[in-house]
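Engineer: Turn this into a model:
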Amino acid sequence: MSVNPMAYEAQFFGFTPQTCMLRVYIAFQDYLFEMMLVVESVILKKLDGFPNAKISPFQIRESTEKFLLFMKERFDQLFSKMEEVLLQLVLNIPKNVLLPEDKVHEQYPYTKEQFQALQDEISELQQQYRAEASAGQALLAELEEQKTVQAELEKILQWFDGLENICRAHGTSNFQESFAFLTQNSKKLQGVLKDVEKKSKKLQKSGQL
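Structural biologist: Numbers count the residues shown, from 1 in each chain. Predicted structure coming up:
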């Protein structure tokens with residue numbers, strides 16, 4: 001079998017010429033084996049009519065195998081020559097022939113260096129695209145974070161607005177006065193909480209007695 005890949009022929013035929021020749025070889029070989037089995041069975045049937053024959057079925061099988069080996073050797077020689085002719089004259093595309101789908105290469109020829117430069121440019125553009133996509137993702141993440149911070153700031157502003165309204169309702173409009181007002185009320189609440197805790201402990205002790 002030829003070791004030439006014949007890739008251009010495979011593009012045209014849809015299969016490699018070597019695969020075609022291999023299938024033809026296997027088909028011929030299978031037919032040869034089947035034919036020898038048929039010949040052997042015919043000889044064995046003929047021997048049944050000669051009970052005094054000195055040839056045994058084992059000897060016939062040996063003779064069949066020897067003849068098959070002889071035929072296979074001759075067949076391999078002939079097939080090798082046939083394969084060479086078919087691969088050169090039938091299943092071969094001449095070097096000066098261009099397939100229709102490759103006409104564009106004839107219209108826009110380029111050298112190996114130009115092709116490599118184009119590949120390098122494509123690779124560089126892909127890297128730039130990945131970098132820009134990554135930067136875009138980072139910007140989106142930062143934007144989402146800014147939205148979250150803005151929402152929290154708005155909540156704080158709303159809280160201060162509510163605090164200011166409460167302070168105004170109690171007659172305090174200055175921030176320092178408001179803060180002092182909140183501190184005073186907080187201390188009052190702490191005192192009330194302590195009184196409640198003391199009374200609760202006294203009640204628990206009374207209940208135990």
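
Engineer: name the helices or strands packed onto the longest helix anywhere in the chain?
Structural biologist: Using DSSP state H to define each element, the chain has its longest helix at helix 112-169. Applying 3 or more CB pairs under 8 Å, 6 or more residues apart in numbering; DSSP states H and E, one finds that helix 112-169 contacts helix 175-208. Every residue, glycine included, has its C-beta placed from N, CA and C.

Engineer: Quick one: mean pLDDT over the helix it packs on.
Structural biologist: Averaged across helix 175-208, pLDDT comes to 64.

Engineer: Equivalent analysis for stretch 20-34, please.
Structural biologist: The model assigns stretch 20-34 a mean pLDDT of 91.

Engineer: hey, C-alpha coordinates of it in CSV?
Structural biologist: Listed in CSV are the C-alpha atoms of stretch 20-34, where the atom choice follows Å, rounded to 0.1, in the frame of the first residue of the first chain:
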residue,chain,number,x,y,z
CYS,A,20,-10.4,2.3,-1.8
MET,A,21,-7.5,0.0,-2.8
LEU,A,22,-7.5,-1.7,0.6
ARG,A,23,-11.2,-2.5,0.3
VAL,A,24,-10.7,-3.9,-3.3
TYR,A,25,-7.8,-6.0,-2.0
ILE,A,26,-9.9,-7.4,0.9
ALA,A,27,-12.8,-8.1,-1.5
PHE,A,28,-10.6,-10.0,-4.0
GLN,A,29,-8.9,-11.9,-1.1
ASP,A,30,-12.3,-12.9,0.4
TYR,A,31,-13.5,-14.1,-3.0
LEU,A,32,-10.3,-16.2,-3.4
PHE,A,33,-10.8,-17.9,0.0
GLU,A,34,-14.4,-18.6,-0.8
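
Engineer: how far does that stretch sit from the chain's center?
Structural biologist: Distance of stretch 20-34 from its chain centroid, counting by CA atoms, centre = their mean, to the nearest Å, is 39 Å.

Engineer: buried set for it?
Structural biologist: 20, 21, 25 (16 or more other CB atoms under 10 Å).

Engineer: Can you tell me the element the second one falls in?
Structural biologist: The reference is to residue 21. helix 17-48 (DSSP states H and E).

Engineer: wait, which of the buried residues of stretch 20-34 is closest to residue 128?
Structural biologist: residue 20 (46.6 Å; CB to CB).

Engineer: Tell me the spacing between that closest one and residue 6.
Structural biologist: 10 Å (CB to CB, to the nearest Å).

Engineer: Quick check: neighbours shared by the two?
Structural biologist: residue 91 (CB atoms under 8 Å, 6 or more residues apart in numbering).

Engineer: and which of the buried residues of stretch 20-34 is nearest to residue 10?
Structural biologist: residue 20 (10.0 Å).

Engineer: Pull the contacting residues for that closest one.
Structural biologist: Per CB under 8 Å, 6+ apart, neighbours of residue 20: 13, 91.

Engineer: Give me the distance between it and residue 34.
Structural biologist: For residue 20, the distance to residue 34 (CB to CB) stands at 21 Å.
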